[in-house]
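Peer 1: Okay, predicted coordinates and the sequence, questions at the end:
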Amino acid sequence: MRTARVGLRVTPGQRRPCFGMLVAAGDVWSCLLDMNRWRRHRGLHGIVNFQELCRELHQAGPGSFGELASVCAEGVLRRFSDAWFATAKRRGEGDVSARFPRRKRRMMPVRFRHGAFTIQGRRLRLATARGRPDLWVRLDRDLPYPAGQLRSVTLLNEGGRLFVEVTAEVPVATYPPSHEPDPSRVAGVDPGLIHPYAVAGPDGQGLLVSGRAIRAETHLHLHDTKRRQRAVSKRAPKPGQAGSRRWRKYRARQRKLEARHKRRVRQAQHEAATTVIEWAVRQRVGTLTIGDPRGVLALQAGRRHNKRVRDWRIGHLIGCLKDKAEQAGITLVLVDERGTSSTCPACHRRVPRPKNRNFTCTHCAFSGHRDIVGGANIASRTPGSGTITTREPTPFPTVITHRRTGRHLPGVTSGRRDPRRRPHHGTAPGSPGRPWPAPPHGESLAHTARISQYHLTNEANID
Ligand SMILES: [Zn+2]
């Protein structure tokens, strides 16, 4: 199962029913919480079973939830029921940190399953309540999956913008004979803050994906957020006061920028994961071992480092690599990564944690890139890996491929100037002109040519 997010192009007349459905789904969710609280106060058992919930819903009668189709309302019930039983299972296993659903939300994503949606090219039909006309909206790009593989469409709102998440069943990739990934060829992946993925593979091959653009985006975003906050903090409503209209505008803008930042980082991380998988397929790597640092991230490490760790989105980094590996027919193994960046891969002795990117062993003559060292040590922790049987120690990568991620991020290429830093209005002094759209993944010659031509015309404009 793969999911892609596609934006919607809607007219105000289409936007209203879309938000109507999202709010109606939020109402269904709140009703469930209210009903169960009411029942608990009266000593009755809560209703959490999907079938029983459906019965309750249908007693309410048709049209109780605005424009929301009843199959979509049932989707919210399904979600509630699944969340409740998942928590109950975790609590049964002794995990007291698991919480039952209890937060009300103004809007909830609405899922349309088979039959409740149709896709014709870039046009999407969504089912609405019985007796009302279906809603047709436009997608802002073509779907990456063939229409026959689509399973469901989820309508959602992020910072005031409408998106659909399209889920499709994509078969595992097939390869020509003797090109398929070989499970005995193992590569170790070290997830990091600077290099989202550092990979040490077989045959002395390594891959470093640089995430400096992501870090720059994070820093700029934090800087802007702080400045905006400072500018409006005086207008913040006191407790119990309703916010002013200007304050509400500020909040809406803040949410919108937060959502955009999240999208940018997520996109860059997806690109990084794609780079790793493409490289692994070329190297015929069949097993990717990734170090999982999530066990130690909850420890307090000072406010700066805590923030860094929160911005890292390690769960997403591991998750998207896992999805893409599965689709490519590669097995992903999670191992404990403790100590892997401070152990020498040649003599296996602990050395003090390196301060910079160079790892130098104090016991033997070994030196190498710190993150690749981590990757090599993680590879050696693969359970039942082929390296033990052959007893031929995996050579430390000598050929390292360098890749960057986040070419779409502002300020990364000359074609993608950061509108937050410089004016970009026509002939304003110092203006580089209109920003170009993001260059394609793996920059083409045509694009470079276009940029240089663009510089020429722009200089001519200034003269
Ligand atoms: Zn050593």
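Peer 2: That came through fine. Values in this document were obtained by computation on a predicted structure and should not be read as measured data.
Peer 1: C-alpha only now, for contacts and for neighbours.
Peer 2: OK.
Peer 1: Where does pLDDT dip in the protein?
Peer 2: 61-63, 385-394, 411, 413-463 (pLDDT under 70).
Peer 1: Near the ion, which residues of it? Just list them.
Peer 2: 344, 347, 361, 363-364 (CA under 5 Å from the ion).
Peer 1: Quick one: the strands in the stretch 101-250 of the chain, in order.
Peer 2: For the stretch 101-250 of the chain, the strands defined by DSSP state E, counting those that start in this stretch occupy 110-112, 117-120, 123-126, 135-139, 150-158, 161-168, 182-191, 197-200, 205-210.
Peer 1: What separation is there between the spatially most central residue of the chain and the ion?
Peer 2: Residue closest to the average C-alpha location in the chain (CA atoms, centre = their mean): residue 266, at 4.0 Å. Distance, residue 266 to the ion, by CA to the ion, to the nearest Å: 37 Å.
Peer 1: Which strand or helix spans that residue?
Peer 2: Taking DSSP states H and E as the criterion, residue 266 maps to helix 245-282.
Peer 1: Need the buried ones from the residues of the chain next to the ion selected in PyMOL.
Peer 2: A single PyMOL command selects the buried members of the residues of the chain next to the ion (16 or more other CA atoms under 10 Å):
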select buried, resi 344+361
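Peer 1: From the residues of the chain next to the ion, which land in strands?
Peer 2: Applying DSSP state E to those, no entry is found in strands.
Peer 1: quick revisit: for the strands of the stretch 101-250 of the chain, which one ends up most surrounded?
Peer 2: strand 197-200 (a mean of 32; mean count of other CA atoms under 10 Å).
Peer 1: Note down every partner strand of that strand and its orientation.
Peer 2: According to DSSP bridges, strand 197-200 forms sheet pairs with strand 182-191 (antiparallel), strand 205-210 (antiparallel).
Peer 1: Export the first one to CSV, keeping only CA atoms.
Peer 2: This means strand 182-191. The C-alpha coordinates for strand 182-191 follow below in CSV (Å, rounded to 0.1, in the frame of the first residue of the first chain):
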residue,chain,number,x,y,z
ASP,A,182,20.3,-10.3,-3.1
PRO,A,183,19.4,-10.7,0.6
SER,A,184,22.9,-11.7,1.5
ARG,A,185,24.2,-8.3,0.4
VAL,A,186,23.8,-6.1,3.4
ALA,A,187,24.1,-2.4,3.8
GLY,A,188,24.0,-0.5,7.1
VAL,A,189,22.1,2.8,7.3
ASP,A,190,23.0,5.4,10.0
PRO,A,191,20.3,8.0,10.3
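Peer 1: and the angle for that strand with helix 245-282?
Peer 2: Calculated by axes from the mean of the first three to the mean of the last three CA atoms, to 10 degrees, strand 182-191 forms an angle of 150 degrees with helix 245-282.
Peer 1: What is the distance between strand 182-191 and the centre of its chain?
Peer 2: With CA atoms, centre = their mean, to the nearest Å as the basis, strand 182-191 stands 23 Å off its chain's centre.
Peer 1: same deal with stretch 244-256?
Peer 2: With CA atoms, centre = their mean, you get 25 Å for stretch 244-256.
Peer 1: And it, what's buried?
Peer 2: In stretch 244-256, counting by 16+ other CA under 10 Å, buried: 247, 250, 254, 256.
Peer 1: try stretch 82-89
Peer 2: Buried-residue list, stretch 82-89, by 16+ other CA under 10 Å: 83-84, 87-88.
Peer 1: Quick one: mark the members of the residues you listed that sit in helices.
Peer 2: 83-84, 87-88 (DSSP state H).
Peer 1: nearest to residue 153, of the residues you listed?
Peer 2: residue 83 (19.7 Å; CA to CA).
Peer 1: Report the closest residue of the stretch 101-250 of the chain relative to the ion.
Peer 2: residue 200 (17.3 Å; CA to the ion).
Peer 1: Quick check: bridge partners of that residue?
Peer 2: Bridge pairing for residue 200 - DSSP bridges - gives residue 188, residue 206.
Peer 1: Return the residues in contact with it.
Peer 2: Residue 200 sits next to 187-189, 206-207, 372-373, 375-376, 379, 396-397 when contact means CA atoms under 8 Å, 6 or more residues apart in numbering.
Peer 1: tell me the secondary structure for the nearest residue to residue 165 once chain neighbours are set aside?
Peer 2: Using CA to CA, 6 or more residues apart in numbering and skipping residues adjacent in sequence, the residue nearest residue 165 is residue 5, 4.4 Å away. At residue 5 the chain is in strand, as set by DSSP: H, G, I helix; E, B strand; the rest coil.
Peer 1: Kindly tell me how buried residue 5 is, as a neighbour count.
Peer 2: Close neighbours of residue 5, defined as other CA atoms under 10 Å, add up to 17.
Peer 1: Let me know the distance separating it from the ion.
Peer 2: Taken as CA to the ion, the span from residue 5 to the ion is 47 Å.
Peer 1: residue of the stretch 201-350 of the chain with the smallest distance to the ion?
Peer 2: Counting by CA to the ion, the stretch 201-350 of the chain gets nearest the ion through residue 347, at 4.2 Å.
Peer 1: Since that was my last question, I'll sign off now.
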